[in-house]
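Undergrad: sequence and predicted structure are below.
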Amino acid sequence: MRAIVLVLLAGLASQAPPPESAGTPAAKASFEAGIAAVRSGDREKAMPLFRAAIEADPRFAAAHEQFIDGHDDVTSDLVELYRRWAAAHPDNAVYEWALAKLAGKDWRTAETHLRRAVAISPSFARAYQDLSVIAELRGENQTRVEYLKKASELSPSDAGSFFQYASAMKAIDQAASIRLLKDVAGRFPGTDRGAQGLYWAAYETTDLPAKLAIYERLRAEFAPETFSWSESGMSDFFDVLVRVDPAKARALAADMQRRIASRSEQQAWGELGAYAGALAESAALRANGAGRAAVQRLDGVKTPRGHMDPAPLTLARAAALEAAGDPTAAYASLTDVTAKTPSDELIAETTRIGGVLKKSPAAVAADVRAVREAGAKPAPPFTLPAYADRKSVSLADYQGHVVLINFWYPSCGPCRAELPVLQRVLDKYKDRGFVILALNVLPEEADLAVPYLARNAPGVRSLETTGEWADQAYGVRGIPSNFLLDRDGRIVFRPGVIRSPRDQRTLELQIESLLSDVR
């Protein structure tokens, strides 16, 4: 595959016709009239206008895109029309690219047309971008990166193309990806993609000072009131700050409340500011020896909506209770949250307060386990075919193991982002009795499921099912969905999508707690 890519990228660019056009004046006029018709809700009027734009300028890719997308279904007549056009104009790469779009999820056919497109016009950036999608679906990460790098080099002024290249690099070199994501902001200042680059660079960075510095740069260079990615980043920035410096988190909330015009967002930031303020003021009271007042300051305070990490408030409340002379209440509040959403800080503090109460680490673990098991319930049994050998695999086969059941499908972007993370977790715990069963809910994508998992999550056991079964048996509504089972086959945890370093660590601690359980 890589040799084929290199041949494609080499090409005969100096002899090739231009790959696509921005539209001749006549084509643009028809195109813009078609867009106006679409916006007014008259798609029937728009379609002949888009076709007129194509006939005026056959290399006008945007017109082809609108013409194809305007059809509710891909008909044989539409495909035949493009085949005739492609045969009549073998030097026009756009027709081959359009045939790839018409192929839909027939990825082999789409790839054939895209390769023809870049053979005709080796500088056709769109075709390389679409080839990268197919490579991603197959789990061919190096090939995907090469295609996207080529596309960004062919379109140096396209911020989206460079962002996609920077983001894709994560699959083969995360540190390089973070550097490139920060470069997006430098190369394309004042753009949404620049803000998006810094957002994801901060999200993927694990070093705390570096993470905070990227968020500060995001706020300084991309005004949150102007750039949606910066506004979203400030919410994540708050989550990080409130864990380490509630006073700074309160200042950030006040700044955002001044910047944002939306009343609902102003209210949300006001709630965040009040939350951070309560944590900061409780800490100050505690530092001055006013433990009871520190507890009262947190009365009625809840983790804000949309901010799911309960650790900052739990730790603050436990510290206040201990300062007020009530370590028993502090311990109870800690064990309840640690059992459900463990973190290293929560576990350490629960163990420490347990020691104050003369509890051994084993006794603390037993108390946490009792809370955890109170909500456990048997996992629905199943027997499903395995992709590797088509043999039946039953959940009962893994009795005595800690099992993560992952519902996914290959064309699901969040699923593809999650599975390499799950493989890293599996590598860490597989020798201790941890297994992952990946249940593909779209059997029609089996030809993508097997190669993707082989390249990105080779240790995961891949089984075939359907979305209907997942809904009926496990109540699965969104994909990906995860269920973490203990050694007795009971559902103990329902992890969310596992993507960020913090998500990964929470999952690891949940797994460790189940692996450590002694029966």
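TA: Sure thing, it's come through.

Undergrad: contact partners for Trp97?
TA: Going by Cβ atoms under 8 Å, 6 or more residues apart in numbering, Trp97 touches Ala61, His64, His113, Leu114, Ala117, Phe124, Arg126, Ala127, Asp130. In this view, the C-beta of every residue, glycine as well, is placed from N, C-alpha and C.

Undergrad: helix, strand or coil: sort out Asn406 for me.
TA: Of the three states, Asn406 takes strand according to DSSP: H, G, I helix; E, B strand; the rest coil.

Undergrad: name the nearest residue to it, ignoring sequence neighbours.
TA: Ala438 (4.8 Å; Cβ to Cβ, 6 or more residues apart in numbering).

Undergrad: surely that neighbour touches Pro458?
TA: No - if you go by Cβ atoms under 8 Å, Ala438 and Pro458 don't touch, sitting 11.2 Å apart.

Undergrad: distance check, Met256 against Glu373.
TA: Per Cβ to Cβ, to the nearest Å, Met256 is found 41 Å from Glu373.

Undergrad: what do you get for Ala457?
TA: Relative to Glu373, Ala457 is positioned 29 Å away (Cβ to Cβ).

Undergrad: among those two, which residue is more densely surrounded?
TA: Between Ala457 and Glu373, counting by other Cβ atoms under 10 Å, Ala457 is the more crowded of the two (24 against 14).

Undergrad: what residues does the residue nearest to Gln399 when sequence neighbours are not counted make contact with?
TA: With Cβ to Cβ, 6+ apart as the criterion, Gln399 has its nearest non-adjacent residue at 6.0 Å, and that residue is Gly489. Gly489 makes contact with Pro378, Ala379, Leu395, Ala396, Tyr398, Gln399, Val403 under the criterion Cβ under 8 Å, 6+ apart.

Undergrad: most neighbours among the residues you listed, which one?
TA: Neighbour-wise, the contacts of Gly489 (other Cβ under 10 Å) top out at Val403, 25 neighbours.

Undergrad: need the three-state assignment for it.
TA: The three-state label given to Val403 by three-state DSSP is strand.

Undergrad: please report phi then psi for the nearest residue to it once chain neighbours are set aside.
TA: In space, and not counting its chain neighbours, Val403 is closest to Leu485: 4.4 Å by Cβ to Cβ, 6+ apart. Here is the backbone geometry of Leu485 (degrees, to the nearest 10): phi -110, psi 150.

Undergrad: beta-bridge partners for Leu485, please?
TA: Val403, Ile491 (DSSP bridges).

Undergrad: which residues of this structure fall in strands?
TA: Secondary structure of the chain (DSSP state E): strands located at 377-378, 383-385, 392-394, 402-408, 434-440, 461-464, 481-485, 490-493.

Undergrad: so what's the closest residue to Ile120 other than its chain neighbours up against?
TA: Spatial nearest neighbour of Ile120, excluding adjacent residues (Cβ to Cβ, 6+ apart): Ala93 at 4.1 Å. When the contact criterion is Cβ under 8 Å, 6+ apart, the partners of Ala93 are Pro17, Pro19, Glu20, Arg116, Ala117, Val118, Ile120, Ser121, Phe124, Ala127.

Undergrad: just the buried residues out of those, in PyMOL syntax.
TA: Selecting only the buried entries of the contacts of Ala93 in PyMOL, with 16 or more other Cβ atoms under 10 Å as the criterion:
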select buried, resi 19+20+116+117+118+120+121+124+127
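
Undergrad: and of the contacts of Ala93, the nearest to Phe222?
TA: Glu20 (30.4 Å; Cβ to Cβ).

Undergrad: can you give me how far stretch 196-205 is from the chain middle?
TA: Distance of stretch 196-205 from its chain centroid, counting by Cα atoms, centre = their mean, to the nearest Å, is 12 Å.

Undergrad: ditto for stretch 85-102
TA: 34 Å.

Undergrad: same check on stretch 360-370?
TA: 34 Å.

Undergrad: use 214 as the first number from now on
TA: Sure, I'll start numbering at 214, so the last one becomes stretch 573-583.

Undergrad: re the thing from before, beta partners of the residue nearest to Asn619?
TA: Using DSSP bridges, the bridge partners assigned to Ala651 are Asn619, Ser675.

Undergrad: neighbours around it, how many?
TA: Ala651 - counted by other Cβ under 10 Å - has 23 other residues nearby.

Undergrad: just Ala384 next, same as before
TA: Using other Cβ under 10 Å: Ala384 sits among 20 other residues.

Undergrad: in contact with it, which residues?
TA: With contact set as Cβ under 8 Å, 6+ apart, Ala384 has these partners: Asn354, Arg357, Val358, Pro633, Asn669.

Undergrad: rerun that using 7 Å as the cut-off
TA: Asn354, Pro633 (Cβ atoms under 7 Å, 6 or more residues apart in numbering).

Undergrad: can you tell me how far it is from Thr419?
TA: Distance, Ala384 to Thr419, by Cβ to Cβ: 17 Å.

Undergrad: returning to what we had before: so of the strands of the chain, which one's packed in deepest?
TA: Among the strands of the chain, strand 615-621 has the highest mean neighbour count (mean count of other Cβ atoms under 10 Å), at a mean of 25.

Undergrad: name the residues that touch that strand?
TA: The contact list for strand 615-621, computed with Cβ under 7 Å, 6+ apart, reads 628, 632, 635, 646-654, 683, 689, 692-700, 724, 727-728.

Undergrad: my guess is the residue nearest to Val616 contacts Lys590. True?
TA: No - applying Cβ atoms under 7 Å as the test, Leu698 and Lys590 come out as separate, 10.2 Å apart.
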